[in-house]
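[1] Build me a model from this:
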Amino acid sequence: MAEACALCGLRFERAQGYFVGAIYVNYAATVILAIGGFFLLWAGFGFSTEAQLAVLVPIVVVFPLWFFRYSRSLWLALEWSLNREP
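    Numbers count the residues shown, from 1 in each chain. Modelled structure (predicted):
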């Protein structure tokens with residue numbers, strides 16, 4: 001990951017452990033996806049618990065790995081909108 005934005009100079013890594021908040025963003029998005037998927041599969045399609053697990057477990061394992069980069073960006077954007085220090 002680059003240290004700063006090439007266009008505006010915004011530092012990405014502000015301090016040690018800065019992106020711990022991104023882990024919370026990633027976790028929250030994964031939980032929302034899992035709970036939404038549960039209710040969609042249960043109410044919309046009538047899947048059994050075993051079928052829901054068969055569908056949702058792979059998604060819940062792969063999604064956070066894919067979404068981690070975007071959660072870091074969302075965390076940085078949230079912090080930048082509240083604290084615009086360079």
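[2] Nearest the middle, which residue of this structure would you pick?
    Central residue of the chain (CA atoms, centre = their mean): residue 26, 2.5 Å from the mean position.
[3] Can I take it that that one is in a strand?
    No: Residue 26 is assigned helix when assessed by DSSP: H, G, I helix; E, B strand; the rest coil, not a strand.
[4] Need the nearest residue in space to it, chain neighbours excluded.
    Leaving aside its sequence neighbours, residue 26 sits nearest to residue 71 (CB to CB, 6 or more residues apart in numbering; 3.9 Å). (C-beta placed from N, C-alpha, C; glycine too.)
[5] ok, that neighbour - how many residues close by?
    For residue 71, the neighbour count with other CB atoms under 10 Å is 21.
[6] Likewise for the one 5 residues further on?
    Look at residue 76: counted by other CB under 10 Å, it has 20 neighbours.
[7] so what's it up against?
    Residue 76 makes contact with 12, 22 under the criterion CB atoms under 8 Å, 6 or more residues apart in numbering.
[8] per-residue pLDDT, it?
    Listed pLDDT for residue 76 reads 87.
[9] element containing it?
    Element membership of residue 76 [criterion: DSSP states H and E] is helix 49-82.
[10] Quickly note the distance from the residue nearest to the centre of the chain to residue 57.
    Distance, residue 26 to residue 57, using CB to CB, to the nearest Å: 17 Å.
[11] can you pull the contacts of residue 14?
    By CB under 8 Å, 6+ apart, residue 14 lies in contact with residue 79.
[12] what mean pLDDT does stretch 14-23 have?
    Mean pLDDT, stretch 14-23: 85.
[13] Need the distance between the two termini of that stretch.
    Distance across stretch 14-23, first residue to last, is 16 Å (CA to CA, to the nearest Å).
[14] No further queries at this time; thank you.
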